[in-house]
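Colleague: Give me a model of this one.
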Amino acid sequence: MIKLINSGVLSLFLLAGCSTLTVKTDYEPEYDFTALKTYAWLEGEAPSNDIRVNNSLIINRVVAAVDADLQSKGYKLVGKDKADFYVNWFGGIENKIRRETINTYYGGMGYGYGAWGYGGYWPGYSQTYDVEYQEGTLIIDIADSKDKQLIWRGTGQDYVDDGDTPEKITASINQTVTKILSGFPPGSKATKSAQ
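Modeller: Here you go, the predicted structure:
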């Protein structure tokens, strides 16, 4: 039996109240992230070929969340010709299936005297379901402005939520972006200046 968890129009992002958000980062360890002060957005490439993600409502929310986070860390949004680094993002929604088993155990009820007594026992049962769900992925890329090489990538994945209000969708995107960008810039391991 396949059970559909999320149906209808989906917001891309991710259950703000749940702890299922998985975040991973990767970066160029030799890059000097301390030299970065200004940034600009790369333009031209759509963030997804999925219309649930590639629409102005989601795009504007993600851009605003990334801008707010970067600017809270002291980075300044400037024109492309003055930027130390470029920012871009991508997103997608993928259908997945997981197996869930529900176990129900009933204990016995004894009557009479002694350790064992007598009476009835109702055995339990277990039932396994295939559960269809949707997982959203948000990737934030940061590239050096001189050679346009990727220097940092953050990825967040979580269950997709549907039917939320615009306020909840915005809050969820903000929380997801904040968790992803909590790894930017990386620690003081980066010591070699970018060329």
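Colleague: what element comes up after the helix or strand harbouring residue 129 heading to the C-terminus?
Modeller: Per DSSP states H and E: residue 129 is located in strand 125-144. Next in sequence after strand 125-144, counting helices and strands by DSSP H and E, comes strand 150-159.
Colleague: returning to what we had before: what helices or strands is the strand holding residue 129 leaning on?
Modeller: Helices and strands touching strand 125-144, as assessed by 3 or more CB pairs under 8 Å, 6 or more residues apart in numbering; DSSP states H and E, comprise strand 2-4, strand 85-104, strand 150-159, helix 166-181. Quick note: C-beta positions are derived from backbone N, CA and C, even for glycine.
Colleague: buried set for that strand?
Modeller: Buried residues in strand 125-144, counted by 16 or more other CB atoms under 10 Å: 134-144.
Colleague: Please apply the same query to stretch 53-66.
Modeller: In stretch 53-66, counting by 16+ other CB under 10 Å, buried: 53-54, 58-59, 61-62, 65-66.
Colleague: what about residue 72, distance to residue 83?
Modeller: Residue 72 is 18 Å from residue 83, where distance means CB to CB, to the nearest Å.
Colleague: of these two, who's got more company?
Modeller: The residue with more neighbours, out of residue 72 and residue 83, is residue 83; 22 against 10, by other CB atoms under 10 Å.
Colleague: can I assume the more buried one is in contact with residue 146?
Modeller: No. At 10.0 Å, residue 83 does not count as touching residue 146 under the criterion of CB atoms under 8 Å.
Colleague: burial count for residue 27?
Modeller: Around residue 27 there are 20 residues (other CB under 10 Å).
Colleague: Grab the nearest non-local neighbour of it.
Modeller: residue 152 (4.3 Å; CB to CB, 6 or more residues apart in numbering).
Colleague: So, low pLDDT: which residues of this protein?
Modeller: Where the chain drops to pLDDT under 70, the residues are 1-19, 96, 104-124, 133, 161-163, 188-195.
Colleague: ok so residue 71 is a helix residue?
Modeller: Yes. Counting by DSSP: H, G, I helix; E, B strand; the rest coil, residue 71 is part of a helix.
Colleague: Look up how far residue 172 lies from it.
Modeller: For residue 71 relative to residue 172 (CB to CB), the value is 20 Å.
Colleague: Comparing the two, which residue is more hemmed in?
Modeller: Legend: neighbour count by other CB under 10 Å for residue 71 and residue 172, higher for residue 172 (25 against 12).
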